[in-house]
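Participant: here is a sequence together with a model predicted from it:
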Amino acid sequence: MKALVFPALAVIMSFVAFMFSDIFITLKGFIIPLLMIIMLGMGATLSLNDFKNIWHKKFAVIFGVFMQFAIMPFLAFVISRALNFNDALTIGMMLVGTSAGGTASNVITYLAKGDLALSVSMTLVSTLIAIFAMPFLMYFYVGARIDLPISSMLIDLVKITLVPLSIGVVLNTFAKRFTNAIRPVLPIVSISAIILIIAIIVSLNARNLKDIGMIVVIAVIMHNICGLLLGYFGAKICRFDEKTARTVAIEVAMQNSGLSVAMAMKYFTPISALAGALFSIWHNISGALFAGICNTKNKNL
């Protein structure tokens with residue numbers, strides 16, 4: 001039930017932002033700083049041992065990250081075409097699909113009795129790879145029709161993700177006492193930041209939600225569920241164990257949608273940020289449900 005607290009709060013705040021959009025529209029400029037705070041907090045929870053885990057679990061990490069950047073962008077493109085999305089909505093879906101794994105995936109992996117060390121390793125590796133993969137994949141799928149600022153996106157991705165993440169790791173390495181003191185509040189700060197980002201995006205799209213909200217919700221649900229299923233059964237086909245399969249499924253399907261929102265607001269339109277905002281809500285709901293299914297399966301084993 002605890003896993004559903006975040007999506008419940010996100011839904012409530014989304015409703016408030018929809019009804020009182022003028023209040024949150026003025027906070028538009030805080031989206032990128034909020035995401036940087038989230039990435040800094042993520043870095044502050046990482047240590048050198050987490051980097052060592054990447055090597056010890058290298059085959060599972062390589063497989064999971066490959067699945068993520070192969071499946072999710074492709075699914076986003078296919079779903080966008082199938083639903084006849086315009087350029088703005090397609091960009092939004094593609095930004096979600098090409099993002100790194102979300103930090104919430106680590107919590108869901110823990111609840112689903114997956115491999116937590118593998119989850120952290122995959123999130124870290126996919127975050128670093130996304131800095132270069134996101135601009136490339138965006139250009140590969142939609143660059144022919146849309147003028148993408150590839151070099152600017154790359155620079156901003158470094159600023160928004162790599163720099164704060166690195167600062168967090170450095171703090172956790174050389175100022176352990178400080179990071180230990182603030183660690184209990186980091187999840188609260190991250191959740192609050194994500195919820196506020198979602199509220200801002202909902203407020204900016206208040207008029208559009210009435211017309212296109214439901215079709216984007218359908219696209220987001222399809223994208224996420226397909227990612228879960230393909231990640232899980234792909235790992236099973238490759239003969240990874242149950243814990244690894246669960247972890248890969250969660251990492252593949254749960255994207256850093258906050259990053260996609262930041263990129264959409266920086267380079268495109270509020271409509272392009274809508275998919276990321278809705279994904280932030282839905283993937284936590286589906287993740288919690290997936291964890292519940294996994295726990296039921298554990299009891300039956």
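Facilitator: Received, thanks.
Participant: and the helix or strand containing residue 5, how far out from the chain middle?
Facilitator: Here residue 5 sits within helix 5-19, counting by DSSP states H and E. Put simply, helix 5-19 sits 18 Å off its chain's centre (C-alpha atoms, centre = their mean, to the nearest Å).
Participant: surely residue 171 and residue 43 touch.
Facilitator: Yes. Using C-beta atoms under 8 Å, residue 171 is in contact with residue 43, at 7.4 Å. Yep, even glycine has a C-beta here, placed from its N, CA and C like the rest.
Participant: neighbour count: those two, which is higher?
Facilitator: residue 43 (24 against 16; other C-beta atoms under 10 Å).
Participant: ok, the more buried one - contacts?
Facilitator: By C-beta atoms under 8 Å, 6 or more residues apart in numbering, residue 43 lies in contact with 164, 165, 166, 167, 168, 169, 170, 171, 172.
Participant: for it, give me phi and psi.
Facilitator: phi -60, psi -30 (degrees, to the nearest 10).
Participant: can you check the one 5 residues further on too?
Facilitator: In terms of degrees, to the nearest 10, the main-chain angles of residue 48 are phi -60, psi -30.
Participant: that one reaches residue 173, doesn't it?
Facilitator: Yes. Counting by C-beta under 8 Å, residue 173 is a contact partner of residue 48 at 6.7 Å.
Participant: so which residues of the stretch 101-250 of the chain form helices?
Facilitator: Listed in chain order, the helices found in the stretch 101-250 of the chain under DSSP state H, counting those that start in this stretch are 104-111, 116-142, 150-157, 163-174, 176-182, 186-204, 206-237, 242-253.
Participant: about what we covered before: with neighbour numbers in mind, choose between residue 48 and residue 173.
Facilitator: residue 173 (13 against 10).
Participant: contacting residues around that one?
Facilitator: Counted by C-beta under 8 Å, 6+ apart, residue 173 has contacts 47, 48.
Participant: what residue ranges in the stretch 201-301 of the chain score low on pLDDT?
Facilitator: 297-301 (pLDDT under 70).
Participant: picking that back up, mean neighbour count, the helices of the stretch 101-250 of the chain: which tops it?
Facilitator: Of those, the one with the most neighbours on average (mean count of other C-beta atoms under 10 Å) is helix 242-253, at a mean of 28.
Participant: got the contact list for the spatially most central residue of the chain?
Facilitator: Residue closest to the average C-alpha location in the chain (C-alpha atoms, centre = their mean): residue 256, at 1.8 Å. Contacts for residue 256 (C-beta under 8 Å, 6+ apart) come out as 99, 100, 101, 102, 103, 127, 130.
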